[in-house]
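> show me how the following folds:
(one chain, ligands or ions: 1)
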Amino acid sequence: MSFFESPAFEGHEALHAFHDARSGLRCFIAIHSTARGPATGGARLWTYPGEQAAIDDALKLSRAMSYKNAVCDLELGGGKAVIMGRAGVAKSPALFEAFGAAVESLGGSYWGAEDVGVTPEDLAHAARRTRYMAGLTGTPAASGDPSPVTAEGVKRGIELTVQKTLNRSLSGVTVAIQGLGHVGARLADLLAGAGAKLIVTDLDEKTARAVAARTGGKAVPPHAIFDTDAEVFAPCALGGAISRETLPRIRARIIAGAANNQLADAETGRAIFDRGAVYAPDFVLNGGGIINIAAEIRALASGGAYDPDWVAMKLDRMTATLGEVLDRSIRERRPTDVIANEIARERIAAAR
Ligand code: NAD
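Just a heads-up that it's a prediction; the model follows:
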């Protein structure tokens, strides 16, 4: 099978490879779709076992960004950059300036932002060489740290799913949170503020104990979070938390959290549905971060300032889309992730 016909590339518009001998930059930028606007998605710096693994990751993540941006009703397409971390190649200003030059050469068809392994300082170096970088600080258009907006969107999504599934408010509902980083810790505060009872965990025990203490919750070791007695399980760590191995241990009626790619595979979405539980698809819940980035791109385009009201309006719409996904899942007796993917594909196709 040729590369262009492979399932990995299927539906993509482009895959760009960049090399800069001086800084050691090796990077791929995948553009899944520009139908709804410039392909937008974070830049990830990761040490991959080889070039194929980096390409596969870029293609998979750029498609996911297309779907997330469409479901969040943003005038953005989907793209992703992966910078290959390599022994002997230091993370340096020169590396990110070379990355900025690569992004600039695409003439605005791709906009970069922060992702795993890339900090706002790294982005500032890249931004010296390109206009197409968002998630910056220090200007009226800048959107800053996206995590609080992500956490707010996830909290609203959990609240709606609890209301539709259990016919309750968050008050007194027990939520188990896996991962207390930028988003998870903030989510814990928001949920506790709404009266939820928390069971929390993190690889860093001290963080787990601190979050439990300030939210009146209980901290458990990482392996024990799957076996807790909670109504909601909120994955807020890495992807793949819900798998054939972990699902049988999760007693929660609702799975809803911030992590990207929570389901290990498509069969897991079906298995959640078959056992009568409800999965709030990750990208209809955790889009607050990209909504925040979109606000910056929008402000830069108009020469205006970051507009928190526009962000709040988009968060409302994302939550309304989640409501539509949950209602259709009951009506059509189909898993929520299948319906959410379908809505995204329809919106992208309509724009084409
Ligand atoms: P982060 O790196 O700040 O936090 C992740 C936390 O999870 C860390 O504290 C880590 O110790 C913990 N962790 C990792 N593996 C664990 C395990 N097995 N058990 C318990 N804890 C574990 O990341 P973040 O920015 O908070 O993002 C969390 C998730 O949400 C990621 O999947 C990310 O891709 C996704 N997400 C984040 C944003 C955002 O705005 N930051 C937006 C969309 C999606």
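> tell me, how many residues neighbour whichever residue of the stretch 101-250 of the chain sits closest to the ligand?
When scored by C-beta to the nearest ligand atom, the stretch 101-250 of the chain has residue 181 as its residue closest to the ligand, at 1.7 Å. Every C-beta, even on glycine, is put in place using the N, C-alpha and C of the backbone. Residue 181 has 17 neighbouring residues, counting by other C-beta atoms under 10 Å.
> going forward, the N-terminal residue is numbered 817.
All right, first residue 817 from here; so that's residue 997.
> which bits of the stretch 967-1116 of the chain sit near the ligand?
994-1000, 1017-1020, 1038, 1052-1055, 1074-1076, 1102, 1105 (C-beta under 6 Å from any ligand atom).
> that older thread, shouldn't the residue of the stretch 917-1066 of the chain closest to the ligand be in contact with residue 1052?
Yes. Look at residue 997 against residue 1052 with C-beta atoms under 8 Å: they come within range, at 7.1 Å.
> hey, what's in contact with both of the two?
Both residue 997 and residue 1052 lack any common contact, where contact means C-beta atoms under 8 Å, 6 or more residues apart in numbering.
> now do the closest residue to residue 1110 other than its chain neighbours, the pLDDT please.
Distances taken as C-beta to C-beta, 6 or more residues apart in numbering place residue 890 nearest to residue 1110, at 4.6 Å, with adjacent residues excluded. Looking at residue 890, its pLDDT reads 97.
> give the contact list for residue 890.
852-853, 856, 1106-1107, 1110, 1130.
> now with 10 Å?
Counting by C-beta atoms under 10 Å, 6 or more residues apart in numbering, residue 890 makes contact with 852-853, 856, 884, 1103, 1106-1107, 1109-1111, 1113-1114, 1130, 1133-1134.
> among those, name the ones in helices.
Among the contacts of residue 890, the members falling in helices (DSSP state H) are 884, 1106-1107, 1109-1111, 1113-1114, 1130, 1133-1134.
> which parts of the helix or strand hosting residue 899 are buried?
Per DSSP states H and E: residue 899 is located in strand 893-900. For strand 893-900, the neighbour count (16 or more other C-beta atoms under 10 Å) marks 893-900 as buried.
> any idea how far the residue nearest to residue 1110 is from residue 1063?
Going from residue 890 to residue 1063 by C-beta to C-beta, to the nearest Å gives 31 Å.
> residue 990 now?
19 Å.
> can you check residue 1082 too?
Distance from residue 1082 to residue 1063, by C-beta to C-beta: 13 Å.
> who has more neighbours, these two?
The neighbour comparison of residue 1082 against residue 1063 (other C-beta under 10 Å) goes to residue 1063, with 19 against 12.
> once you drop chain neighbours, what's closest to the more buried one?
Closest to residue 1063 by C-beta to C-beta, 6+ apart is residue 1087, at 5.8 Å.
> ok, now which ones touch that neighbour?
So residue 1087 contacts 1058-1060, 1063-1064, 1079, 1081, 1093, 1095, 1151 (C-beta under 10 Å, 6+ apart).
> mind giving me the ChimeraX command for buried ones among those?
Applying 16+ other C-beta under 10 Å to those leaves a buried subset, and the ChimeraX line that selects it is:
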select :1058,1063,1079,1093,1095,1151
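> among the contacts of residue 1087, find the lowest-pLDDT one for me.
Within the contacts of residue 1087, lowest confidence goes to residue 1081 (89).
> nearest spatial neighbour of it, chain-adjacent residues omitted?
residue 1059 is the one closest to residue 1081 (C-beta to C-beta, 6+ apart), at 7.7 Å.
> how about residue 897?
Using C-beta to C-beta, 6+ apart, the nearest residue to residue 897 is residue 859, at 4.0 Å.
> and for residue 942?
Counting by C-beta to C-beta, 6+ apart, the residue nearest residue 942 is residue 916, at 3.6 Å.
> I figured the one you found was touching residue 944, is that so?
Yes. Contact status for residue 916 versus residue 944: in contact at 6.1 Å, counting by C-beta atoms under 10 Å.
> more neighbours, these two?
residue 916 (24 against 12).
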